[in-house]
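Trainee: Structure, please.
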Amino acid sequence: MDFYQLKCVLAVAKYRNFNKASSELCATPSTLSQQIKRTEEELNVQLFKRTTRSVKILPAGMDFISYANRIMSDVFHLEKTMQKYAKGTVGTLVIGCMPILREYGIIHWIRSFVSEYPFVAVEFREDNCYNLYPLLYNNEIDLALLTAPANLKPEDIHLKSYPLARDEFVLIVSKQHPLAKRRSIQLNEVAGESFIRFPRSSSLLKKTADACFQAGFSPRLTNFEVGSINTALGFVAENAAVTLLPWNLITGIQLADIAYIHVVPKITHTVLMVSNSARRPENSIANNFKKHIFNKYNLPLCANP
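Mentor: Numbers count the residues shown, from 1 in each chain. Take a look at the predicted model:
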């Protein structure tokens, strides 16, 4: 027995008339009659007593209609619930991110999205930039919020990146450093200094190396690796090294023993929202998130392949 048979029985019960019922179902009366007969034969019970003038519902038909109505109601609610998932108004959004959400105002954006979509749960996977890309390739996260393009990726993976915010790198030195009172410098002026070594998975390591290469030298890195901004600033305060850091990441940190120096020409980077455009089926919640953020905050929704 299929849903169409249920609909046929319910239509006949509703109108007590095959012509009217067949009109509702966009079928011929003979087709409807065949469906009723087929249902009764499958169940080995008579549901209706038919004459040339009337249709009477028999006791078995009354029970059938009761159960059929419940089934059709459940199917209706099932379809409505699935439509919510398809439209991205229900479900879970998994965001991979560097620990930069507060500094760039992204937490406020996410809160706004959650208020707009109260039945969507948001999960966060925090990690360094280059540890997030494999999660994106394997569809373990829906979106990534990070600060560097992909270095290496599988050929069958197609990414789209959307710029969220731009920032400027500044040089951080100890207040004991001879350059501490300078307002700005050219980066090659610190070519002989030791730079903080960040993990390979961090975009800060690559940004430091790229900026130094652009300035004409290869950076000398510390023989110790630092995983957090606070620890890096602690070593800088001890005059053990210098470091390049985004301005927005350190503006809320107050350390009496460090100084910030602007670099000329400016070294900038962009906070990106990155999605896996090869993912099928496409994640409707992630699309709603992108549209909400870019529409509400008047950001240009332009993707870079």
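Trainee: from here on, contacts and neighbour counts on C-alpha atoms
Mentor: OK.
Trainee: Okay, helices next: where are they in the chain?
Mentor: Counting by DSSP state H, one finds helices in the chain at the ranges 3-15, 18-24, 29-43, 59-87, 106-116, 129-137, 203-214, 229-237, 247-250, 284-296.
Trainee: tell me the most buried of those?
Mentor: helix 129-137 (a mean of 20; mean count of other C-alpha atoms under 10 Å).
Trainee: Restricting the selection to alpha carbons, write it to PDB.
Mentor: Extracted in PDB, the C-alpha atoms of helix 129-137 (Å, rounded to 0.1, in the frame of the first residue of the first chain):
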ATOM      1  CA  CYS A 129      45.000  28.500  10.500                       C
ATOM      2  CA  TYR A 130      46.600  25.600   8.600                       C
ATOM      3  CA  ASN A 131      45.000  23.000  10.800                       C
ATOM      4  CA  LEU A 132      41.600  24.300   9.900                       C
ATOM      5  CA  TYR A 133      41.900  23.700   6.100                       C
ATOM      6  CA  PRO A 134      42.000  19.800   6.400                       C
ATOM      7  CA  LEU A 135      38.800  20.000   8.400                       C
ATOM      8  CA  LEU A 136      37.200  22.100   5.600                       C
ATOM      9  CA  TYR A 137      38.400  19.700   2.900                       C
END
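Trainee: Now do it and helix 203-214, the angle between them.
Mentor: Helix 129-137 and helix 203-214 are oriented at 120 degrees to each other (axes from the mean of the first three to the mean of the last three C-alpha atoms, to 10 degrees).
Trainee: Pretty sure Lys49 sits against Val55.
Mentor: Yes. Shown here, Lys49 and Val55 form a contact pair, counting by C-alpha atoms under 8 Å, at 5.8 Å.
Trainee: about what we covered before: using CSV, lay out the helices of the chain together with mean pLDDT and distance to Ser184.
Mentor: Formatted as CSV, the helices of the chain follow (pLDDT from 0 to 100; distance: least, C-alpha to C-alpha, whole Å):
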stretch, mean pLDDT, distance to Ser184
helix 3-15, 93, 75
helix 18-24, 92, 79
helix 29-43, 93, 85
helix 59-87, 94, 51
helix 106-116, 93, 29
helix 129-137, 94, 28
helix 203-214, 95, 15
helix 229-237, 94, 18
helix 247-250, 90, 14
helix 284-296, 90, 34
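Trainee: Reformat the ones you listed into CSV and put distance to Val94 next to each item.
Mentor: Conversion of the helices of the chain to CSV gives the following (distance: least, C-alpha to C-alpha, whole Å):
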stretch, distance to Val94
helix 3-15, 36
helix 18-24, 45
helix 29-43, 47
helix 59-87, 15
helix 106-116, 12
helix 129-137, 10
helix 203-214, 21
helix 229-237, 25
helix 247-250, 23
helix 284-296, 9
